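Asker: prediction below, plus the sequence it came from.
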Amino acid sequence: MGGQENMCAVCGAGIVQHSGPGRRKKYCSEACRRRSRRLDSEKSTTRERRRLGLRMVEGLPHLAMKLAAAEHAQEDLVSLLERSRELIKEVELYSAGAVLDARRAGRSWEGVARAARVSAHTARERWSETATEDRLAAHLSACDQGACRFPTAISSQRGGLIAACEEPLAEGQMSTTHARRLLADALYFLHQQSGLALRDVAVAVGVSPSYISRILSGDRLPAWHQAEAMAAKYKAEAAILRNLWETSQALTPLPRPPLQRATERVAFALQGLHTAAGRPVPDDVHDRCAGVLSPKTIEMVLAGRCVPDWPEVSALVTALNGEPQGIRPLWEEFHYTWLRVFDQALPGDDGMPADGDSRGEPC
């Protein structure tokens, strides 16, 4: 059957295109197709890393909650204004990061000025690229060294604000206090859903009913075997609690797991946050994350069928009252593992590993 020749999109080698049904070939070999997928993914990751606005905005909800907690605690005016200044400073850093992102994407100073409702001269003076890069680099370096103080006051679904300690947190960490609170919220939700009496759960765990009550209120942190026993009694998957429990204990998971395990870690961590938030339906989560993810995609992500890019994961975590910096190491672990497996494994017809496992694929 005759055909015409064109060029491989990766190496430029000739490809004979046969006439007849089917899609036209873009690559001369499976190796070139894999390389193209890998390069596209690496480009996406590089673009995401450059989004300084995203990195700067992730701390804002926590600073706002810290200020709200101080107001509820009726702290003095000096303290309230100091917390307000912290929030204003972070908002200014976010604005600088967002402008730098826009400039890197090709936005003109006139376009920046229109968005900021200032003159082009003022925009250049306020967000000079060299000065802005140095300013944000210094701030992010301080965060990497643990100098940034992320607030950990959170709003419990049972009402009230819980003020947490202000320990320094490096980027990529969730506070142990926040994780402990969310673990209690998740267990409380499961308990309420089960309809069981405290005594029934206490017998299954081997402790007193009052101790179970203190676990559910967040006053006591259960050992892992106790959390497992409670989950089993509630007929829930204990794995969804594992990330919250490990973080509350300041434990670090083992690096570089197999792809399916890396995918499960992300999915279980998100399911834990989803449970702590009271398991809102995908439509509600869609609204909370400002439509960044569709309800169908949210359902797939929580089911562990795919893992989206970091901006979408960050938005989902925030919508579930979590801390994005606490989930990011798990996402990076998945992304690295997926790239490694995709590049090295013998692919099947769909370009994924030949075992046919559909889990572990980016959205």
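Answerer: Yep, that arrived. Quick caveat: nothing in here was measured; it's all calculated off a predicted structure. Residues are numbered from 1 along each chain as shown.
Asker: compute the number of surrounding residues for Glu323.
Answerer: With neighbours defined by other C-beta atoms under 10 Å, the count for Glu323 comes to 26. Every residue, glycine included, has its C-beta placed from N, CA and C.
Asker: ugh, wrong one, Thr318
Answerer: Neighbour tally, Thr318, other C-beta under 10 Å: 20.
Asker: the one 4 residues further on now?
Answerer: Neighbourhood size, Gly322 [other C-beta under 10 Å]: 27.
Asker: surely Ile327 is in contact with Val313?
Answerer: Yes. Applying C-beta atoms under 8 Å as the test, Ile327 and Val313 come out as touching, 6.5 Å apart.
Asker: any common contacting residues for the two?
Answerer: Residues touching both Ile327 and Val313 comprise Val266, Leu270, with contact defined as C-beta atoms under 8 Å, 6 or more residues apart in numbering.
Asker: mind listing what the closest residue to Pro282 other than its chain neighbours touches?
Answerer: Distances taken as C-beta to C-beta, 6 or more residues apart in numbering place Pro295 nearest to Pro282, at 3.7 Å, with adjacent residues excluded. Pro295 makes contacts with Val281, Pro282, Asp283, Val285, His286, as judged by C-beta under 8 Å, 6+ apart.
Asker: could you tell me how many residues sit around the last one?
Answerer: The one in question is His286. The number of residues packed near His286 is 21, by other C-beta under 10 Å.
Asker: can you pull the contacts of Val99?
Answerer: Val99 is in contact with Val112, Ala116, Ala123, Trp127, Thr132, counting by C-beta under 8 Å, 6+ apart.
Asker: actually Leu87, not the one I typed
Answerer: Leu87 makes contact with Leu60, Leu63, Ala64, Leu67 under the criterion C-beta under 8 Å, 6+ apart.
Asker: again, only this time at 7 Å
Answerer: Listed by C-beta atoms under 7 Å, 6 or more residues apart in numbering, the contact partners of Leu87 are Leu63, Ala64, Leu67.
Asker: and what about the second one, helix, strand or coil?
Answerer: Going back to what we said before, that points to Ala64. Under DSSP: H, G, I helix; E, B strand; the rest coil, Ala64 falls in the helix class.
Asker: what's the distance between the closest residue to Leu198 other than its chain neighbours and Arg288?
Answerer: In space, and not counting its chain neighbours, Leu198 is closest to Pro209: 4.0 Å by C-beta to C-beta, 6+ apart. Distance of Pro209 to Arg288, given as C-beta to C-beta, to the nearest Å: 35 Å.
Asker: next: Asp219.
Answerer: 28 Å.
Asker: more neighbours: these two, which one.
Answerer: It is Arg288, of Asp219 and Arg288, that has more neighbours when counted by other C-beta under 10 Å, with 18 against 11.
Asker: spit out the contact partners of the nearest residue to that one once chain neighbours are set aside.
Answerer: In space, and not counting its chain neighbours, Arg288 is closest to Ala319: 3.7 Å by C-beta to C-beta, 6+ apart. By C-beta under 7 Å, 6+ apart, Ala319 lies in contact with Val285, Arg288, Cys289.
Asker: pLDDT at Ala319, what is it?
Answerer: Note for Ala319: predicted pLDDT of 89.
Asker: distance of it from Val207?
Answerer: Computed as C-beta to C-beta, the Ala319 to Val207 distance reads 34 Å.
Asker: cool, Thr176 as well?
Answerer: Applying C-beta to C-beta, the value for Thr176 to Val207 is 22 Å.
Asker: quick check: phi and psi at Gly291.
Answerer: Dihedral pair for Gly291: phi 70, psi 10, per degrees, to the nearest 10.
Asker: reformat the contacts of Val99 as CSV; add secondary structure, neighbour count and pLDDT.
Answerer: CSV is the format used below for the contacts of Val99 (DSSP: H, G, I helix; E, B strand; the rest coil; neighbours: other C-beta atoms under 10 Å; pLDDT from 0 to 100):
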residue, secondary structure, neighbour count, pLDDT
Val112, helix, 20, 91
Ala116, helix, 16, 91
Ala123, helix, 22, 90
Trp127, coil, 22, 90
Thr132, helix, 19, 83
